[in-house]
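Engineer: Just to be clear, the model below is a prediction. Sequence and coordinates:
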Amino acid sequence: MSQVTNEPPLTKPAQSEAILRTSGLRKRFRMGESVIEVLKGVDFSVRGGEFVAIEGRSGSGKSTLLHLTAELDALDAGSIFYNCRDIAQMSAY
């Protein structure tokens, strides 16, 4: 059975366009009485055909950033765009 949605179909972006873009990403974790701000306003973009490496020391937020962009965790603030569409506005289907 197919799902009907009002979302426009995804189109393949040109290589010069960003296929993934973040704006002002923030993520905090509570540890007891303390709040640890792991990501503090992260902005980046990845264009079609581009290879990207994310590096940093242990605990610097690499996995958190990837979990947010894959929607495996919720943002505290900011936006993530996939093919120019805010993923917060996309349906699960």
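Structural biologist: Great, that's in hand. Numbering: from 1, shown residues only.
Engineer: ok, the most centrally placed residue in the chain to residue 34 distance?
Structural biologist: Centroid-nearest residue in the chain: residue 69, 2.6 Å away (criterion: CA atoms, centre = their mean). Between residue 69 and residue 34 the distance, using CB to CB, to the nearest Å, works out to 26 Å. Bear in mind the C-beta positions are built from the backbone N, C-alpha and C, glycine included.
Engineer: mind checking the SS state of residue 21?
Structural biologist: What DSSP: H, G, I helix; E, B strand; the rest coil gives for residue 21 is strand.
Engineer: Residue 56 now?
Structural biologist: With three-state DSSP as the criterion, residue 56 was assigned coil.
Engineer: on that earlier part again, could you look up the SS state of the closest residue to the residue nearest to the centre of the chain other than its chain neighbours?
Structural biologist: Nearest-residue entry for residue 69: residue 80, 5.8 Å, with adjacent residues in sequence omitted and distances by CB to CB, 6 or more residues apart in numbering. Reducing the assignment to helix, strand or coil with three-state DSSP, the entry for residue 80 is strand.
Engineer: And residue 65, by the same measure?
Structural biologist: Under three-state DSSP, the three-state class of residue 65 is helix.
Engineer: so it touches residue 40, yeah?
Structural biologist: No - counting by CB atoms under 8 Å, residue 40 is not a contact partner of residue 65; they are 11.6 Å apart.
Engineer: Looking at these two, which one has more neighbours?
Structural biologist: A direct count of neighbours by other CB atoms under 10 Å for residue 65 and residue 40 places residue 65 higher, at 20 against 12.
Engineer: I'd like the distance between that one and residue 56.
Structural biologist: Plainly put, residue 65 is 9 Å away from residue 56 if you go by CB to CB.
Engineer: same question, residue 62
Structural biologist: 5 Å.
Engineer: who has more neighbours, the two?
Structural biologist: Between residue 62 and residue 56, residue 62 has the larger neighbour count (other CB under 10 Å), namely 14 against 9.
Engineer: Noted, bye for now.
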